[in-house]
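# quick one: sequence plus predicted model below, questions after.
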Amino acid sequence: MTGGVNGVALAVFVLFFLAVTVMGFLAARWRKADNEHTLDEWGLGGRSFGTWITWFLLGGDVYTAYTFVAVPAAIYAAGAAGFFAVPYTILVYPLIFTFLPRLWSVCHRHGYVTTADFVRGRFGSKGLSLAVAFTGILATMPYIALQLVGIQAVLDVMGVGGGENRNWFVKDLPLLIAFGVLAAYTYSSGLRAPAMIAFVKDTLIYIVITVAIIYIPIKLGGFDDIFAKAGQAFSQTNPATGKPRGSLVSGSEAQWTYATLALGSAMAMFMYPHSITATLSSRSREVIRRSTTVMPLYTLMLGLLALLGFMAIAAGVKVTNGQLAIPQLFEDMFPSWFAGVAFAAIGIGALVPAAIMSIAAANLFTRNIYKDFIKPDATPEQETKVSKLVSLLVKIGALVFVLTMDKTVAINFQLLGGIWILQTFPALVGGLFTRWFHRWALLAGWAVGMVYGTFAAYGVASPTQRHFGGSAKEIPGIGEIGYIGLTAFVLNVMVTVVLTFVLKAVKAPEGVDVTSPGDYTADTAGAKAAPVLRPGTSPAPHGS
């Protein structure tokens, strides 16, 4: 750390930040509808986005400031194990190509805004819908917090806002300003704001990574020297564990962890409500299919981004907080003006997903808690107003989380969020392809997965934490170390299947499915012609 303020980098950062702030507020006028006081307009951008906007928006969801900072930071800390993010993003695209078009069709046909809306309509269960909504909100909160952590890391490296001897208000003022701007334009423009800003964000990220992958190796003597220095660093013993710091190539003992983490993360990625919000904002089923076919371009970017972790080691970057490694690498390697561009890419890379996440969490609360349990006769205008207010509260909660808790805790809770959100997979993806599962069995399976995953993660220790120190633990019955989320998911499915057989045998009431087979393949024309059956007006039973 240089200890001083990098004035040039800060000026460039502020310039880009002001530009996207203006864009965020102007987005309210972009494709403005006759009636903007509905969740379709504020929370889903009017369901009108085309292929490229949807692609940028999905990229804004998936490739966040946390991705930019944490993936190379994991490689900086432990080596090849951090590359699990690359295969899991390869696995996820065939998966979402299979089920996202079906989800879009049925949600467009029935006016569903959230995944919990779909689950309620499919299984006729408010209880199961509530479980999905609760899980989505719970898993999203630490994810939003980590976007603020990304902004904070950039501010610290630039020399503003950091320093333990400063007054807490002065220290956190830049982050508070960034938060205030984010909250204001999200409240004003809804999903249109991050959709517009995503163009700038992704363009900056591609430029920064392209330059970094060419320029930094030239300064460091080439990739041969980079890998040689990284190998030497990883071979050194970590005093906290008594083992080597990491490795350039994962050993056989790490294969189960690597494979299960990649598979489980791929399955969980598009269970997050913000990913579904971006999906439902598109104007047609074909838009989803086209967007998912070009999403692998982001995986190419991610693979190159991961290499920055090795470069940070070769450049001699020394930081106590691994999340600062890549911002510090940019500070050390780039000219000040381009370091400002890189910092802006990370900062804007936090604003876009944070906005989408807060909107998605707010929509879940409004449609599946407020409307279902508090005010069933809420008008579209009331729904929109509540969703706007909740989006502010969600961001405030994330800000308090960041300012009051250790950053490592925030990261570990985000890992826990991945374990939680994976437990909604049977109800959501399973429900898209079959109605065989019983609603009560799905609810019981979800509960088992949530309880096991939480307690298993609680028992994982690390050199710095007694609890929630990681997301991998011994798999019962196998003896190998694997991803807790995937183990919890397997238990979830086993319980669901067994109880479905039992409940069907005793003829337990299954609830009414208000969807039909044609709903899952309908495109725009068919969707518009169909009657809208929103939660609260469907014939599905209210009990579960």
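Thanks, I have it.

# so who does the spatially closest residue to Tyr452 that is not a sequence neighbour touch?
Among residues not flanking Tyr452 along the chain, Ala488 sits closest, at 4.8 Å (C-beta to C-beta, 6 or more residues apart in numbering). Glycine gets a C-beta too; all of them are placed from N, C-alpha and C. Counting by C-beta atoms under 8 Å, 6 or more residues apart in numbering, Ala488 touches 419, 422-423, 448-450, 452-453, 456.

# swap in 7 Å and give it another go.
Contacts of Ala488 were listed using C-beta atoms under 7 Å, 6 or more residues apart in numbering, and they are 419, 423, 449, 452-453.

# what of Leu128?
Contacts of Leu128 (C-beta under 7 Å, 6+ apart): 119, 427, 439, 442-443, 544.

# the same query, at a cut-off of 6 Å, please.
Counting by C-beta atoms under 6 Å, 6 or more residues apart in numbering, Leu128 touches 119, 439, 442-443, 544.

# that one: which element?
Using DSSP states H and E, the element containing Leu128 is helix 126-158.

# which residues sit against stretch 145-153?
Outside stretch 145-153, the residues that touch it by C-beta under 6 Å, 6+ apart are 64-66, 69, 175, 178, 323-324, 327, 346-347, 350, 353-354, 398, 401-402, 407, 410, 414.

# among the residues you listed, which lie within helices?
Within the contacts of stretch 145-153, residues falling in helices by DSSP state H are 65-66, 69, 175, 178, 327, 346-347, 350, 353-354, 398, 401-402, 407, 410, 414.

# pLDDT score for the nearest residue to Glu36 once chain neighbours are set aside?
For Glu36, ignoring the flanking residues on the chain, the nearest one in space by C-beta to C-beta, 6+ apart is Trp42 at 6.6 Å. pLDDT, Trp42: 90.

# wait, Trp42 sits on Val386?
No - Trp42 is not in contact with Val386 according to C-beta atoms under 6 Å; the separation is 11.0 Å.

# looking at the two, which is more packed in?
Neighbours were tallied for Trp42 and for Val386 using other C-beta atoms under 10 Å; the higher tally belongs to Trp42 (29 against 22).

# before we move on, back to that, filter the contacts of stretch 145-153 down to the buried ones.
Neighbour counting by 16 or more other C-beta atoms under 10 Å classes 64-66, 69, 175, 178, 323-324, 327, 346-347, 350, 353-354, 398, 401-402, 407, 410, 414 among these as buried.

# leaving out the residues flanking it, which one is nearest to Phe330?
Distances taken as C-beta to C-beta, 6+ apart place Ala342 nearest to Phe330, at 4.2 Å, with adjacent residues excluded.

# ranges for the strands of the stretch 351-500 of the chain?
With DSSP state E, counting those that start in this stretch as the criterion, the stretch 351-500 of the chain has strands at 472-474, 481-483.

# helices and strands around the last one, which ones?
Under the contact criterion of 3 or more C-beta pairs under 6 Å, 6 or more residues apart in numbering; DSSP states H and E, strand 481-483 touches helix 255-269, strand 472-474.

# for the record, mean pLDDT for the last one?
Over the span of strand 472-474, the pLDDT mean works out to 89.

# then stretch 320-328?
84.

# list the contacts of that stretch.
Residues outside stretch 320-328 that contact it (C-beta under 6 Å, 6+ apart): 69, 72-73, 76-77, 153-154, 157, 308, 312, 317, 319.

# in the helix or strand containing Ala195, what's buried?
Per DSSP H and E, Ala195 falls inside helix 192-220. For helix 192-220, a neighbour-count test (16+ other C-beta under 10 Å) marks 192-202, 204-206, 208-209, 212-213, 216-217, 220 as buried.

# now the element after that helix, going C-ward?
By DSSP H and E, the next helix or strand past helix 192-220 is helix 223-235.

# how about that following helix: buried residues?
Within helix 223-235, the residues scored as buried using 16+ other C-beta under 10 Å are 226, 229-231, 233-234.

# in JSON lines: these, plus pLDDT.
Compiled in JSON lines, the buried residues of helix 223-235 are given as follows (pLDDT from 0 to 100):
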{"residue": "Ile226", "pLDDT": "93"}
{"residue": "Lys229", "pLDDT": "92"}
{"residue": "Ala230", "pLDDT": "91"}
{"residue": "Gly231", "pLDDT": "89"}
{"residue": "Ala233", "pLDDT": "89"}
{"residue": "Phe234", "pLDDT": "87"}
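
# which one of the residues you listed is nearest Asn6?
Each of those was scored against Asn6 by C-beta to C-beta, and Ile226 proved nearest at 24.5 Å.

# the closest one is in contact with Ala314, isn't it?
Yes - the pair Ile226 and Ala314 passes the contact test of C-beta under 6 Å, sitting 4.2 Å apart.

# next, show the common contact partners of the two.
Common neighbours of Ile226 and Ala314 (criterion: C-beta under 6 Å, 6+ apart): Leu220.

# now the particular helix or strand that has Val106 in it, how far from the chain's geometric center?
Taking DSSP H and E as the criterion, Val106 maps to helix 85-110. Offset of helix 85-110 from its chain centre (C-alpha atoms, centre = their mean, to the nearest Å): 15 Å.

# let me see the mean pLDDT of it.
The predicted model assigns helix 85-110 a mean pLDDT of 91.

# all numbers from here: first residue = 433
Okay, using 433 as the starting number, the last item reads as helix 517-542.

# and it with helix 687-701, angle?
Interaxial angle of helix 517-542 relative to helix 687-701 (axes from the mean of the first three to the mean of the last three C-alpha atoms, to 10 degrees): 20 degrees.

# can you name the element that comes right after helix 517-542?
Reading on from helix 517-542 to the C-terminus, the next helix or strand found by DSSP H and E is helix 547-555.

# restrict that next one to CA atoms and write it as CSV.
In CSV, the C-alpha atoms belonging to helix 547-555 read as follows (Å, rounded to 0.1, in the frame of the first residue of the first chain):
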residue,chain,number,x,y,z
THR,A,547,-39.6,-17.4,-8.7
ALA,A,548,-41.8,-17.7,-5.7
ASP,A,549,-44.8,-16.5,-7.8
PHE,A,550,-44.1,-19.5,-10.1
VAL,A,551,-43.7,-22.0,-7.3
ARG,A,552,-47.0,-20.9,-5.8
GLY,A,553,-48.9,-21.1,-9.1
ARG,A,554,-47.3,-24.5,-9.9
PHE,A,555,-47.8,-26.3,-6.6
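
# how far off centre is it?
Mean-position distance between helix 547-555 and its chain equals 21 Å (C-alpha atoms, centre = their mean).

# and that helix with helix 558-590, angle?
Using the same axes, to 10 degrees: helix 547-555 against helix 558-590 is 160 degrees.

# returning to what we had before: ok, the residue nearest to Phe762 touching Ile639?
No - the criterion here is C-beta under 6 Å, and Ala774 misses it with Ile639 at 9.0 Å.

# straight-line length of stretch 541-549, end to end?
12 Å (C-alpha to C-alpha, to the nearest Å).

# got CSV for the contacts of Leu560, with distance to Pro767 too?
Shown next, in CSV, are these (distance: C-beta to C-beta, whole Å):
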residue, distance to Pro767
Val551, 52
Arg871, 59
Leu874, 55
Leu875, 57
Ser976, 60
